[in-house]
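1. Would you be able to build a 3D model of this:
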Amino acid sequence: MSTEIIPLSVDSFEDPGGDGPEQPALEILDSLSRQANLFTGDTDLPNFMLETFPAGAREWQLEEGLTVVQSPEGLTVNISGFGGYVGKKSERLVLKKKEGKAVWQIPFEKVAEVQVSARGISLSTDVIGELADRGIRVSIIGFNGRPVAQVSSPMLTASVAVRRAQLQALDNGRGLILARAIAAGKLLNQARLLKYCVKNQKNTDLYTDLQGLIHSILEARHEMLRGPWSDLARARAPLMGLEGQAARVYWQGFARLIEKQAQFKIREHRGTKDFVNSLLNYGYGVLYSQVWGAVQTAGLEPFAGFLHTDRPGKPSLVLDLTEEFRAPIVDRTIVAALRRGELKPPPTATTSTRTLTDDARATLVDRLLQRLESREHYQGGDYQIRSIIQMQARQVASFLAGRTERYMPFRFKW
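-> Next up is the predicted model:
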């Protein structure tokens, strides 16, 4: 099966949290002198990851500068650091140092996605081909959190009928309905996140102050839903204007939620030196990768969106679908991690670097994986959030193709 490498332009992304029980971890067995590989008896792999889940840490610094974050169900492997090699050994994905020393491995059957958040990491063509054959996506993520490339099988996205319907929706009214629903869903989730974070702090100044901000966000949402627009071209600008109006209010509330843990004055995108903005940008980059994969799997065209305008190299549909997940996944995760002291600003008064430390990135990725694996009530059942993202992408495809008459955005249960 052939593979397709899809470049993702860093400049194409324009930016406008997850407490829960401690997740168990996989156990690494110490080196065995005679039998490191329990399947074949090979002795050249010093560490074998057992398929058991005792309590413990979920991230390991395998060697200096080389860290692995593993989801408890083996769904996502995130590799960060510098100077590693990812290869294939029998039915296992193997991570080695440059000098050839194997430091980590996992059976392919336990992997659903590989994320490489690093420079100087090499992937063999054998492992790329194996992952593609198994339908396992590889995402390359820059140090600023932006997706750089994705590697997947082109056969996973073969759906001509859906893409034709998607392009027709730009003019037949369905595109307008979808854009309005996504924008309104984003604002509802922003309001619900503010409510969620202070639901146990009634009779406090913070609770009182946030009520006014929440009301303003919901008023902007009502204006979106009442808008008399008849076509997408006329509706896009006022929709984005109302979204921007609500965003200014929302970030004021976000700043109040974390004011005891970190300073946050204004939302900044690329090139920020601010710690909290760097966390947000990196977290959104991880979320983009999840949404991009879901859009492709649903047979949709990532570059033909509705709420965001088309531009060469800009995956506007990915940006569209990301909107309703920003607050309940990334923002909630960051608020929770800051409040628990798991993420802390640098000790210096001013930040002199543009990127997060390796430890901060690894911690954020770990907490985001926990959030993606947590469950939310959705369509009458309880599903992992990563599954909900995929189901939402499929709902977009069904709506655009005319198989359903309504699109319901994901609503965060607070």
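2. C-terminal to the one helix or strand Gln105 maps to, what's the next element?
-> Applying DSSP states H and E as the criterion places Gln105 in strand 102-107. Using DSSP H and E, the helix or strand that follows strand 102-107 in sequence is strand 113-123.
3. Hey, what's the angle from that following strand to strand 102-107? Just curious.
-> Angle, strand 113-123 to strand 102-107, by axes from the mean of the first three to the mean of the last three Cα atoms, to 10 degrees: 140 degrees.
4. in its sheet, what does strand 113-123 sit against?
-> Here strand 113-123 has these sheet partners by DSSP bridges: strand 76-89 (parallel), strand 137-141 (parallel).
5. highest average neighbour count across the ones you listed?
-> strand 137-141 (a mean of 23; mean count of other Cβ atoms under 10 Å). To be clear about C-beta, it is placed using only N, CA and C from the backbone, and glycine gets the same treatment.
6. Quick check: next helix or strand after that one?
-> Next in sequence after strand 137-141, counting helices and strands by DSSP H and E, comes strand 147-152.
7. chain center to that next one: distance?
-> Per Cα atoms, centre = their mean, to the nearest Å, the displacement of strand 147-152 from the mean C-alpha position of its chain is 14 Å.
8. Kindly report the same for stretch 330-339.
-> With Cα atoms, centre = their mean as the basis, stretch 330-339 stands 14 Å off its chain's centre.
9. Kindly report the same for stretch 104-124.
-> With Cα atoms, centre = their mean as the basis, stretch 104-124 stands 17 Å off its chain's centre.
10. send the alpha carbons of it over as PDB?
-> C-alpha atoms of stretch 104-124 as PDB (Å, rounded to 0.1, in the frame of the first residue of the first chain):
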ATOM      1  CA  TRP A 104      11.900   1.600  24.000                       C
ATOM      2  CA  GLN A 105       9.400  -0.600  22.000                       C
ATOM      3  CA  ILE A 106       5.700  -1.400  21.800                       C
ATOM      4  CA  PRO A 107       3.700  -3.800  19.700                       C
ATOM      5  CA  PHE A 108       2.000  -2.200  16.600                       C
ATOM      6  CA  GLU A 109      -1.300  -3.600  17.700                       C
ATOM      7  CA  LYS A 110      -1.300  -1.300  20.700                       C
ATOM      8  CA  VAL A 111      -0.800   1.900  18.700                       C
ATOM      9  CA  ALA A 112      -3.400   4.000  17.000                       C
ATOM     10  CA  GLU A 113      -1.300   7.100  16.300                       C
ATOM     11  CA  VAL A 114       2.300   8.200  16.500                       C
ATOM     12  CA  GLN A 115       3.200  11.800  17.200                       C
ATOM     13  CA  VAL A 116       6.800  13.000  16.800                       C
ATOM     14  CA  SER A 117       7.300  16.300  18.600                       C
ATOM     15  CA  ALA A 118      11.000  16.800  18.000                       C
ATOM     16  CA  ARG A 119      13.900  17.700  15.800                       C
ATOM     17  CA  GLY A 120      16.500  15.200  14.700                       C
ATOM     18  CA  ILE A 121      14.200  12.200  14.900                       C
ATOM     19  CA  SER A 122      14.500   9.800  12.000                       C
ATOM     20  CA  LEU A 123      11.700   7.300  10.900                       C
ATOM     21  CA  SER A 124      12.500   4.400   8.700                       C
END
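11. May I see the buried residues of it?
-> 104-106, 108, 110-118, 121, 123 (16 or more other Cβ atoms under 10 Å).
12. average model confidence for stretch 304-313?
-> For stretch 304-313, mean pLDDT is 90.
13. Check which residues of that stretch are buried.
-> 304-308.
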